[in-house]
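Undergrad: Provide a 3D model corresponding to the input given below.
(chains A and B)
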Protein chains: 2
Amino acid sequence: MNSSLRFLAACRREPVDVTPVWIMRQAGRYLPQYRVIRSRVSFMELCKTPELAAEVTCQPLDALGVDAAILFSDILIALEAMGAPVEFTGEGPRLGAPLRTRADAERLRAPDPWETMPFTLETVRILRRELKGKAPLIGFAGAPFTLASYLVEGGSSRDFRAIKDMMYLDPALLHALMTKIAKTAAALLNAEIEAGAQAVQLFDTWAGTLSPRDYREFALEHTREVVSELNRAGVPVILYVNGCAGILELMAESGADVIGLDWRVEIDAASARLGGRFAVQGNLDPAALFLPPEKIRERVDDVLARAAGAPGHVFNLGHGIHPDTPVEHAVAMVDAVHTRPRDGKV
Amino acid sequence: MNSSLRFLAACRREPVDVTPVWIMRQAGRYLPQYRVIRSRVSFMELCKTPELAAEVTCQPLDALGVDAAILFSDILIALEAMGAPVEFTGEGPRLGAPLRTRADAERLRAPDPWETMPFTLETVRILRRELKGKAPLIGFAGAPFTLASYLVEGGSSRDFRAIKDMMYLDPALLHALMTKIAKTAAALLNAEIEAGAQAVQLFDTWAGTLSPRDYREFALEHTREVVSELNRAGVPVILYVNGCAGILELMAESGADVIGLDWRVEIDAASARLGGRFAVQGNLDPAALFLPPEKIRERVDDVLARAAGAPGHVFNLGHGIHPDTPVEHAVAMVDAVHTRPRDGKV
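TA: Numbering: from 1, shown residues only, chains lettered A, B, ... in the order given. Predicted coordinates:
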């Protein structure tokens, strides 16, 4: 069974020979060949240069032997396309003046991705051509709450005070903003699918800061809008929330096919709480890749054993790989996943 | 039913007239009368001056009408007593050189709290005298994982890489360190109980960064050491972990009587996952106190309604109160809790 079949089969809860594996931020600074390219171009230039973006997308396939490629881009590109300038600094992204008023929100557009993000879609086209079915291509977008939080906070945040203030004091404004973001994200994902993406992931990196009640009203509702807009025949949708342990039952209502888990929940308990109806993705602590390789294998085995009862499992870290992870440790993880048979001969 | 009876009864899963309420960091910067005192002395001086520490401990009783007083002190005082210098800066605490070696760990002592933290115990004694049974007094200590993380990281941390490196690469060293911290925390809590504390809370603020597997091996084991050492006849033990949603079933094995919840889990689901055997404490999002007072009341009602089935409930925020919370909003929350009857006439 090749990588392409294996990943999509697991997402569809069909039998696989071994568990497919990919890594969040697998095309990143921990790879020397990535750093070579980044020494010549900025992060933003890299995202916007299709040949280079396609090249770094493919690097982990050879270096690690992962079972899927994920488009090299950034969730904040869509905010730039909406009209919010984005700058990447050493301390994380900066979004210009924080969005706080209805006028600020109205200035943003829900753009046509083919006009505003052509480089991203061209990257997808190049990749589908070059990958030739060797590995499936995952497209992605930021989920509405996470994208809104960057706009309203003006960047990363520790306590999300600004977006929670808006949520509590002017919920109609936040809903209007998130509806616009949801339209943008859905249009982007549909364009990625049209250009060749074979699965898509919605990243809701910051939604784990919400109480379940607020998650339902503010994040889930708009995530559902995105998912319901997708032309998804045969294209699995993965929903990832960092800090999902308190909201799994709500994520199950999102319309997604695969639930992406962070490392702070046991994968067997999570699958059970999802009613055993979903493929799950995850969920090794990225910090565990600093263990010696033989211990990494033991940790991988533990995750695989716990996921054995889930109707589908895509192995991944519970969050993005640390930039200073030794490459050979990531290789040891991928090898360990591929060593253990899953559903018998298929 | 007065505050004193109400709080201890809820911890013991006995009937109460209305749900008791206190607030994590209730003696803090959001209170003008606290800021008056802090304008004259540093945070550390305040912790170490029994008359002043006792005075700020009592401030929220009159200002808010909460049902319990919590000793004014800091979890890092115990680290200083162990031999690690602590400094409070605008950016949070600094612990001098990060602890990284066995020699570093061996230099620390498990001190006699009566010798090294007499000011804390004197504060407890003054408070018990002054409170005269008007409100119960809660003592506290940091849990071993959280205190160890301050030592190993040298302060606060974003990703806890240093302590996870130690956990994975030299677990014996981390266990030895945490055993010493557990002894210190247990001795401190026992001294607080001897001096008059009527309940104690263990704060494991950072344990929510661990996978359930690591929580069990590294945090829970040493939390159990602390709890098992306590002279706790009639003194309820509360265990609070920020980020508890993935590890509730493990917290139930800690030996604690009351499980403190952060705001990212529904209190009814949490109580069910705890087997319905524990009193629960929590769990309003601190950010919800920026809502208008009538909406705060509605949020409080939601938490109270969800907690109605738990065998005991102490209302609290899911984390410490924000320093810029309007006092009248905190008052509205306390009033709302006290408006709704719980177990009928008792």
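Undergrad: report the contact partners of A:Ala141.
TA: Taking Cβ atoms under 8 Å, 6 or more residues apart in numbering or on different chains, we find A:Ala141 in contact with A:75, A:78, A:185, A:188-189, A:192, A:200, A:202-203, A:226. Placement of C-beta: from N, CA and C, glycine included.
Undergrad: among the residues you listed, name the buried ones.
TA: Among the contacts of A:Ala141, those classed as buried by neighbour count (16 or more other Cβ atoms under 10 Å in any protein chain shown) are A:75, A:78, A:185, A:188-189, A:192, A:200, A:202-203, A:226.
Undergrad: nearest to chain B, of the residues you listed?
TA: Using Cβ to the nearest Cβ, the shortest approach to chain B within these belongs to A:Phe203, at 17.8 Å.
Undergrad: my read is that closest one is in a helix, agree?
TA: No - assignment of A:Phe203 by DSSP: H, G, I helix; E, B strand; the rest coil gives strand, placing it outside any helix.
Undergrad: list the contacts for it?
TA: With contacts taken as Cβ under 8 Å, 6+ apart, A:Phe203 has the following neighbours: A:75, A:140-143, A:146, A:240.
Undergrad: give me every residue in the stretch 201-346 of chain A lying close to chain B.
TA: The stretch 201-346 of chain A comes close to chain B at residues A:208-214, A:243, A:245-247, A:249, A:263-266, A:269, A:285, A:287-288, A:290-292, A:295, A:302, A:318, A:322, as judged by Cβ under 8 Å from any Cβ of the partner chain.
Undergrad: hmm, back to that, narrow the buried ones among the contacts of A:Ala141 to those in helices?
TA: Cross-referencing the buried ones among the contacts of A:Ala141 against helices under DSSP state H gives A:78, A:185, A:188-189, A:192, A:226.
Undergrad: between which two of the residues you listed is the distance greatest?
TA: Checking these against each other with Cβ to Cβ, the farthest-apart pair comes out as A:Glu192 and A:Val226, at 12.5 Å.
Undergrad: first-to-last residue distance for stretch A:10-24?
TA: 17 Å (Cα to Cα, to the nearest Å).
Undergrad: and the closest residue to chain B within the stretch 51-200 of chain A, how many residues sit next to it?
TA: When scored by Cβ to the nearest Cβ, the stretch 51-200 of chain A has A:Lys164 as its residue closest to chain B, at 4.0 Å. The local packing of A:Lys164 (other Cβ atoms under 10 Å in any protein chain shown) involves 26 other residues.
Undergrad: can you lay out the buried ones among the contacts of A:Ala141 as TSV showing pLDDT?
TA: As requested, the buried ones among the contacts of A:Ala141 are arranged in TSV below (pLDDT from 0 to 100):
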residue	pLDDT
A:Ile75	97
A:Ala78	98
A:Ala185	98
A:Leu188	98
A:Leu189	98
A:Glu192	98
A:Val200	98
A:Leu202	98
A:Phe203	98
A:Val226	98
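Undergrad: just give me the closest of the residues you listed to B:Thr179.
TA: Set against B:Thr179, the nearest of these by Cβ to Cβ is A:Phe203 (40.0 Å).
Undergrad: so what's that closest one bridging to?
TA: When bridges are called by DSSP bridges, A:Phe203 pairs up with A:Gly142, A:Tyr240.
Undergrad: turn the contacts of A:Phe203 into CSV, columns for distance to B:Ile37.
TA: Shown next, in CSV, are the contacts of A:Phe203 (distance: Cβ to Cβ, whole Å):
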residue, distance to B:Ile37
A:Ile75, 46
A:Phe140, 51
A:Ala141, 50
A:Gly142, 45
A:Ala143, 45
A:Thr146, 41
A:Tyr240, 46
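Undergrad: what's the separation between A:Asn242 and chain B?
TA: Distance, A:Asn242 to chain B, by Cβ to the nearest Cβ, to the nearest Å: 11 Å.
Undergrad: what's near enough to touch A:Lys164?
TA: Contacts for A:Lys164 (Cβ under 8 Å, 6+ apart) come out as A:214, B:285, B:287, B:290.
Undergrad: secondary structure class for A:Ala84?
TA: Reducing the assignment to helix, strand or coil with three-state DSSP, the entry for A:Ala84 is coil.
Undergrad: where do the strands sit along chain A?
TA: When secondary structure is read from DSSP state E, chain A shows strands at A:69-70, A:87-89, A:92-94, A:137-142, A:199-204, A:237-241, A:258-260, A:279-284, A:313-317.
Undergrad: between the ones you listed, which gets nearest to A:Leu177?
TA: Minimum separation from A:Leu177 across the strands of chain A (Cβ to Cβ) falls at strand A:137-142, 13.4 Å.
Undergrad: quick check: end-to-end length of stretch A:125-140?
TA: With Cα to Cα applied, stretch A:125-140 spans 14 Å between its terminal residues.
Undergrad: pLDDT averaged over that stretch - what is it?
TA: Across stretch A:125-140, pLDDT averages out at 95.
Undergrad: residues in contact with that stretch?
TA: When contacts are defined by Cβ under 8 Å, 6+ apart, stretch A:125-140 is touched by residues A:2-4, A:7-8, A:22, A:50-51, A:54, A:57-58, A:61, A:66-71, A:73, A:75, A:124, A:189, A:192-193, A:195-203, A:238.
Undergrad: and if you look at stretch A:321-341?
TA: For stretch A:321-341, contacts defined as Cβ under 8 Å, 6+ apart pick out A:17-19, A:21, A:23-26, A:28-32, A:63-66, A:284, A:286-287, A:289-291, A:293, A:296-297, A:300-301, A:304, A:315, B:159, B:161.
Undergrad: now swap in stretch A:97-104 and tell me
TA: With Cβ under 8 Å, 6+ apart as the test, stretch A:97-104 has contacts from A:84, A:105, A:108, A:151-154, A:162, A:166, A:173, A:176-177.
Undergrad: buried ones in it, by neighbour count?
TA: A:99-100, A:104.
Undergrad: next one: stretch A:56-68
TA: For stretch A:56-68, a neighbour-count test (16+ other Cβ under 10 Å) marks A:56-61, A:63-68 as buried.
Undergrad: I would like the residues contacting it, please.
TA: By Cβ under 8 Å, 6+ apart, the list of residues contacting stretch A:56-68 from outside reads A:3-4, A:6-7, A:20-23, A:26-27, A:31, A:33-34, A:37, A:46, A:69-72, A:123, A:127, A:130-131, A:134-138, A:199, A:327, A:330-331, A:334-335, A:338.
Undergrad: so which of those belong to helices?
TA: In helices, judged by DSSP H, the following of the contacts of stretch A:56-68 are found: A:3-4, A:6-7, A:33-34, A:37, A:46, A:123, A:127, A:130-131, A:327, A:330-331, A:334-335, A:338.
Undergrad: which non-adjacent residue is nearest A:Val235?
TA: Nearest residue to A:Val235, sequence neighbours excluded (Cβ to Cβ, 6 or more residues apart in numbering or on different chains): A:Ile193, at 5.5 Å.
Undergrad: so who does the one you found touch?
TA: Taking Cβ under 8 Å, 6+ apart as the criterion, A:Ile193 is in contact with A:139, A:200, A:230-232, A:235.
Undergrad: buried ones among those?
TA: A:139, A:200, A:230, A:232, A:235.
Undergrad: count residues in the vicinity of A:Ser42, would you?
TA: Residue neighbour count, defined by other Cβ under 10 Å, stands at 10 for A:Ser42.
Undergrad: and if you look at the one 3 residues further on?
TA: Burial measure for A:Glu45: 12 neighbouring residues, criterion other Cβ under 10 Å.
Undergrad: please pick the buried ones from the contacts of stretch A:321-341.
TA: Neighbour counting by 16+ other Cβ under 10 Å classes A:17-19, A:21, A:23-26, A:28, A:30-31, A:63-66, A:284, A:286-287, A:289-291, A:293, A:296-297, A:300, A:304, A:315, B:161 among those as buried.
Undergrad: I'd say A:Ala195 and A:Leu121 touch.
TA: Yes - A contact is recorded between A:Ala195 and A:Leu121 when judged using Cβ atoms under 8 Å, the distance being 4.5 Å.
Undergrad: not counting its neighbours along the chain, what's nearest A:Asn2?
TA: In this structure, A:Asn2 finds its nearest non-sequential neighbour in A:Lys134, 7.3 Å apart by Cβ to Cβ, 6+ apart.
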